[in-house]
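Colleague: Got a predicted model here, sequence first, then my questions.
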Amino acid sequence: MSRGKLILVVDDEKNILDIIVFNLQNDGYETVSAMDGEQAVEMQKKYNPDLILLDVMLPKMDGLSVCKTIRGYSNVPIIMLTARADEVDKIMGLELGADDYITKPFSMKELSARIMANTRRTVSPVPVSIEAPTHSNIIKCGNITIDCDKYEIYRKGQLLDLTYREYELLKFMATQPEKVFSREMLLEKVWGFEFYGDVRTVDVTIRRLREKLEEDPGNPTYVMTKRGVGYYFNDKN
C-alpha cells in the first residue's frame, strides 16, 4: 500500500494545528507541521510535501513571505489559511502564487474538499528544457503544447513552471477554444467544490498565467479578454 499524500500544516495556534493534523491523519494523510514561518520553509525543503496548508499570521516570517519564498523554487500546491476578513490578504496570497485560500473558521469537510481538489496532479518542481511530448492526448496551438496525460504545458519545447491552478485554468479553456467564460463560470468549473471566491481570484490567476505563457503579457495572443464578459482561449495562433 502506497503512503498517503504528505501535507505540511503551518499554524502558530497549537490547538488549531492539532485539530487539523488529527483530522488529516484520520483521512489517511501523512502530516508534518510547523508553528512559524522560518520553520515552515525548512520543513518544506526537508520533506517536500504534496501540499501546504499555510496560515497567514505567523511569527518570524508571515505566511505571505513564506509563500513567496517557496514559490521561488517549488510549485507545491499551497492553500492559505486566514482569519482576516480583509480581501487584500487573499488577493496578495494569490498574487504571490498560492493556489487557494480558506477563511477561518472552516469545517474539515470544506478543507478536505479543497485539499482533494488541489492534489489531483503531481506538479513538476522546476522548468526544464526538453522536447515537447509526441504521444496522443495533447493539445497543440502555435508554440503551446498541453500534455493532458502528464499534466504539463510547454512553450517552444520549454516546460512551463505553472502552479496547479494555472495549469487547470489553461487546460479548461484550451479544451474549449474561442468559448468565452465569465469569471463566475471559471470559479465554478476550475476552482470547483462550490468555491466562494471573489472574481478577482480569476483575474489574478489569469495575470500570473499570462506572465508565464505569453511573449508579451500586456498584449496576449492565447489567453484573451472579452471586455465586459470574461476570458477565452485563442487557438488561431
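Modeller: Sure thing, it's come through.

Colleague: hey, where'd the helices end up in this protein?
Modeller: Per DSSP state H, the chain carries helices over the ranges 14-26, 37-47, 63-71, 87-95, 108-118, 164-174, 183-186, 200-213.

Colleague: With respect to Ile79, which of those helices lies nearest?
Modeller: helix 108-118 (5.9 Å; C-beta to C-beta). Where you see a C-beta, it was placed from the backbone N, CA and C, and this is true even at glycine.

Colleague: What are the contacting residues of that closest one?
Modeller: For helix 108-118, the external contacting residues (C-beta atoms under 8 Å, 6 or more residues apart in numbering) are 7, 20, 23-24, 27, 29, 51, 53, 77, 79, 99-100, 102, 164-165, 191-193.

Colleague: Show me what the lowest-mean-pLDDT helix or strand in the chain is packed up against.
Modeller: Sorting the helices and strands of the chain by mean pLDDT, DSSP states H and E puts helix 87-95 at the bottom, at a mean of 79. In terms of contacts (3 or more C-beta pairs under 8 Å, 6 or more residues apart in numbering; DSSP states H and E), helix 87-95 is packed against helix 63-71, strand 78-82, strand 100-103, helix 200-213.

Colleague: Go again with 6 Å.
Modeller: helix 200-213 (3 or more C-beta pairs under 6 Å, 6 or more residues apart in numbering; DSSP states H and E).

Colleague: so how far is Arg210 from the closest residue to Met185 other than its chain neighbours?
Modeller: Spatial nearest neighbour of Met185, excluding adjacent residues (C-beta to C-beta, 6 or more residues apart in numbering): Gly230 at 7.1 Å. The spacing between Gly230 and Arg210, counted by C-beta to C-beta, to the nearest Å, is 15 Å.

Colleague: which parts of the least confident helix or strand of the chain are buried?
Modeller: 89-95 (16 or more other C-beta atoms under 10 Å).

Colleague: Now Val204. Nearest residue, chain neighbours left out?
Modeller: Closest to Val204 by C-beta to C-beta, 6+ apart is Leu94, at 4.3 Å.

Colleague: residue contacts, the residue most central in space within the chain?
Modeller: By C-alpha atoms, centre = their mean, the chain has its centre lying nearest to Asp99, at 2.7 Å. When contacts are counted by C-beta atoms under 6 Å, 6 or more residues apart in numbering, Asp99 touches 77-78, 118, 163-165.

Colleague: repeat that for 7 Å
Modeller: 77-79, 118, 163-165 (C-beta atoms under 7 Å, 6 or more residues apart in numbering).

Colleague: Only the buried subset of those residues, as a PyMOL command please.
Modeller: Listed next is the PyMOL selection for buried residues among the contacts of Asp99, using 16+ other C-beta under 10 Å:
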select buried, resi 77+78+79+118+163+164+165
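
Colleague: Name the nearest of the contacts of Asp99 relative to Gly37.
Modeller: Set against Gly37, the nearest of the contacts of Asp99 by C-beta to C-beta is Ile78 (12.9 Å).
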